[in-house]
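**Q** Need coordinates for the below:
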Amino acid sequence: MKVAVLSFAHVHATAYLRLLARMPGIEVLGSDPDTDLAAPGEVRGRPLADELGVAYAATYEDVFAWQPDAVIVCSENARHRPLVELAAAHGVDVLCEKPLAASVEDGEAMVAACRAAGVRLAVAFPVRFSPAYAAVKAALASGEAGRVLAVAGANNGAMPTRARRWFAEPALSGGGALMDHTVHIADLLDDLFADARPVEVYAQTNNLLYADEVDVETSGLVSVTYSDGAVATIDCSWSHPRSHHSWGGLELTVVGERATLEMDAFDQKVHGFSERRGRGTELPFGVDLDERMLRAFLHGPGEDGMDVADGEGGLRTLRVVAAGYASARDGAPVRVG
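**A** Presented below is the predicted three-dimensional model:
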């Protein structure tokens, strides 16, 4: 199977290339011609491909001349649409990095293009492949907790501009922390609630953190009301200091009628102290969620039955984000469009 990674703009591109390169039966090709907006010092393009030991194509046209079976789009958020539409035009299945797009309009066009071309559009939400999330979902499916009344979620981390400057440039990213970190938990809730859909969003944001570095929002709290009456809160803040020992994390508390379930998606780690760094450190172990996601995209769901999020699901999470921005701007709840 031939798989290509289009653009290395997102930091996840490096992990995907490494994982694909060691999968049996997978031929990997990378292409990153759009490095015009890369910050000085960022390793992109052919140098990164050479560092990882993967083949490289100078243009996207060369990629599709190679006739890939699937592509993974890792460009800046605002550049997702043209690459997804290019894949659709060539009849190639595509896994798009989250969020689906920088705007609902672009997201709708991407879903429509892939539907018209008859190709699969998936969105990179690896946390749904977490064993902790699987346990929460199984407990709810068994009826153990009863009907879900409320959910509190937090997806926090350091501001990602040290790795990629464009995360804090709205023209490329679509926003700040609300755009970057709301969607992971919104996707879990989209999967967890099944037929219930988000109907109203209230959000507050600020940039008290890192205010001297960026103009976008760096902190946010998003409240989402679902059609079955359940209410969820999502802390999407870039609230970790630069010196924090961890990149971040994702936690979820689900309050049911008869039980409360708690999960930490990245709790499989050994804690220690680094003499070289002069601070605490963490060494993760256990399953690789990105690898599980890639295998599900390329080969179908695993034994647990979890599949990748589809384009429609990615669009629903994007609508929650858009409603959050409208609410934060207007200071009032906003209906999800």
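
**Q** now the helix ranked longest in the chain, how far from the chain's geometric center?
**A** Across the chain, the longest stretch assigned as helix under DSSP state H is helix 311-330. Distance of helix 311-330 from the chain centroid (C-alpha atoms, centre = their mean, to the nearest Å) equals 14 Å.

**Q** so what secondary structure elements neighbour the helix or strand that comes right after that helix?
**A** Toward the C-terminus, helix 311-330 is succeeded by strand 334-335 as the next helix or strand (DSSP states H and E). Secondary-structure packing of strand 334-335 (3 or more C-beta pairs under 8 Å, 6 or more residues apart in numbering; DSSP states H and E): strand 198-206, helix 311-330. Every C-beta, even on glycine, is put in place using the N, C-alpha and C of the backbone.

**Q** Would you reformat those as CSV and include distance to A152?
**A** Below are the helices and strands packed on strand 334-335 laid out as CSV (distance: least, C-beta to C-beta, whole Å):
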stretch, distance to A152
strand 198-206, 15
helix 311-330, 16
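
**Q** To A168, which of the ones you listed lies closest?
**A** When those are compared for distance to A168 using C-beta to C-beta, the nearest one is strand 198-206, at 13.5 Å.

**Q** in its sheet, what does that closest one sit against?
**A** Applying DSSP bridges, strand 198-206 is found paired with strand 219-226 (antiparallel), strand 334-335 (antiparallel).

**Q** hey, C-alpha coordinates of it in PDB?
**A** Written as PDB, here are the backbone C-alpha positions of strand 198-206 (Å, rounded to 0.1, in the frame of the first residue of the first chain):
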ATOM      1  CA  PRO A 198     -24.600  19.800  20.300                       C
ATOM      2  CA  VAL A 199     -27.300  22.500  20.100                       C
ATOM      3  CA  GLU A 200     -25.900  25.400  22.100                       C
ATOM      4  CA  VAL A 201     -22.400  26.700  23.000                       C
ATOM      5  CA  TYR A 202     -21.300  29.300  25.500                       C
ATOM      6  CA  ALA A 203     -17.600  30.200  25.700                       C
ATOM      7  CA  GLN A 204     -15.200  32.600  27.300                       C
ATOM      8  CA  THR A 205     -11.700  33.200  26.300                       C
ATOM      9  CA  ASN A 206      -8.700  35.400  27.200                       C
END
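
**Q** winner for burial among the strands paired with strand 198-206?
**A** Among those, the stretch with the highest mean neighbour count (mean count of other C-beta atoms under 10 Å) is strand 219-226, at a mean of 21.

**Q** which residues touch that strand?
**A** Residues from elsewhere that reach strand 219-226, judged by C-beta atoms under 8 Å, 6 or more residues apart in numbering: 177-178, 181-182, 186, 189, 193, 196-209, 231-239, 320, 324, 328, 333.

**Q** report the angle between the axes of it and helix 311-330?
**A** Strand 219-226 and helix 311-330 are oriented at 120 degrees to each other (axes from the mean of the first three to the mean of the last three C-alpha atoms, to 10 degrees).

**Q** can you give me how far strand 219-226 is from the chain middle?
**A** Put simply, strand 219-226 sits 17 Å off its chain's centre (C-alpha atoms, centre = their mean).

**Q** Could I get the contacting residues of L29?
**A** In this structure, L29 makes contact with K2, V3, A4, V5, V54, A55, Y56, A57, V63, W66, P68, judged by C-beta under 8 Å, 6+ apart.

**Q** cool, and A177?
**A** Contacts here follow C-beta under 8 Å, 6+ apart; on that basis A177 touches M159, T205, V216, E217, T218, S219, G220, C236, S237, W238.

**Q** Can you report how many residues lie near the fourth one?
**A** Burial of E217, expressed as a neighbour count using other C-beta atoms under 10 Å, amounts to 27.

**Q** got the contact list for the closest residue to it other than its chain neighbours?
**A** Nearest residue to E217 in three dimensions, chain neighbours excluded: T205, at 3.8 Å (C-beta to C-beta, 6 or more residues apart in numbering). T205 makes contacts with G176, A177, L178, E217, S219, G220, L221, G324, A328, as judged by C-beta under 8 Å, 6+ apart.

**Q** With pLDDT and distance to E275 added, can I get those in TSV?
**A** Shown next, in TSV, are the contacts of T205 (pLDDT from 0 to 100; distance: C-beta to C-beta, whole Å):
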residue	pLDDT	distance to E275
G176	97	35
A177	97	32
L178	98	37
E217	97	36
S219	97	33
G220	97	36
L221	98	37
G324	99	42
A328	98	43
